[in-house]
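>>> attaching a predicted model along with its sequence, questions to come.
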Amino acid sequence: MSAKKMLFIPVVFFLIMVVGCATSVRDAVKIDTSLPVGKIEGNQFTGIRYPFNVSAPPNWTISMTYPSFMVDLGYEKPGLEESEVFVYNPATQSNLQIDFLAVDRYSQFSQASIEALTSSVGGGVVSDTEEQVGTANIALGPTEPVSLKGVPYAAKKYVTFDLKGVRWQQGWVYAFTEPYQIFILYMMSEKEGSNDLNHLKTILDAFEVVSQK
């Protein structure tokens with residue numbers, strides 16, 4: 001998995017900082033890439049390759065391909081092509097992407113380690129954001145636990161900044177449910193009259209990892 005620019009957030013750090021142990025804690029995970037990613041019916045995505053579901057709010061779009069405006073916002077195509085699902089508002093260009101990654105046999109997680117990893121990238125994100133948009137009005141939000149259905153450990157952090165006269169919140173949710181790491185990356189407009197941050201909560205509330213038993 002390559003680093004995703006997101007606009008600016010490098011995610012590859014998660015893959016090298018996971019707590020490991022000397023003995024195997026799970027069988028090797030095999031992903032059947034011959035399976036389709038999933039299916040979309042209306043505003044509902046049902047996963048096939050990975051066991052998760054999510055839905056989009058009214059007037060939003062859910063897709064297994066990224067909208068072209070995300071490239072214009074500064075996202076890198078290779079990173080976008082690795083994500084399984086995109087949920088976006090065509091009117092405001094607010095967007096969210098979901099990516100699953102199988103965990104190796106040795107990595108272990110807890111809520112504390114998930115929050116620590118989520119938090120540790122914050123300083124780098126601020127520096128990268130300053131490089132891209134300047135130093136004015138950049139603020140780093142707190143690290144917060146997140147409740148996702150079917151997911152025992154999840155945390156969120158974000159930065160806010162001004163871009164072309166619009167206030168944005170750009171954040172990352174990092175989560176673990178056996179045997180997957182989950183990355184949910186988002187960029188939400190805070191433009192006056194926008195309800196996109198409330199819609200973000202709606203999307204996260206609709207996200208669910210379903211049992212494979």
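All right, it came through fine. Just so we're clear, the structure is a prediction, and the values are computed from it rather than from any experiment. Numbers count the residues shown, from 1 in each chain.
>>> leaving out sequence neighbours, find the closest residue to the residue nearest in space to the middle of the chain.
By CA atoms, centre = their mean, the chain has its centre lying nearest to I184, at 1.3 Å. Take I184 and drop its neighbours on the chain: the residue closest to it by CB to CB, 6 or more residues apart in numbering is V173, 3.9 Å away. Any C-beta I mention is one placed from the backbone N, CA and C, and that applies to glycine too.
>>> centre of the chain to the helix or strand harbouring that neighbour, how far?
Here V173 is covered by strand 166-177, with elements defined by DSSP states H and E. In terms of CA atoms, centre = their mean, to the nearest Å, the centre of strand 166-177 is found 6 Å from the chain centre.
>>> next, the buried residues of that strand.
Of all the residues in strand 166-177, those buried under the rule 16 or more other CB atoms under 10 Å are W168, Q169, Q170, G171, W172, V173, Y174, A175, F176, T177.
>>> just stretch 45-60 next, same as before
Under the neighbour-count criterion of 16+ other CB under 10 Å, stretch 45-60 has F45, G47, Y50, P51, F52, N53, V54, S55, A56, P57, W60 buried.
>>> any weak-confidence spans in the chain?
By pLDDT under 70, the low-scoring segments of the chain are 1-22, 135-136, 212-213.
>>> so which residues of it form helices?
Counting by DSSP state H, the chain has these helices, from start to end: 13-17, 69-73, 77-82, 111-120, 122-133, 196-206.
>>> so which of the ones you listed gets nearest S147?
S147 sits nearest to helix 196-206 of all the helices of the chain, at 8.3 Å, using CB to CB.
>>> give me the residues contacting that closest one.
Around helix 196-206, the neighbours that count as contacts under CB atoms under 8 Å, 6 or more residues apart in numbering are 53-57, 60, 87, 89, 92, 94, 96, 146, 148, 169, 173, 184, 186, 188-190.
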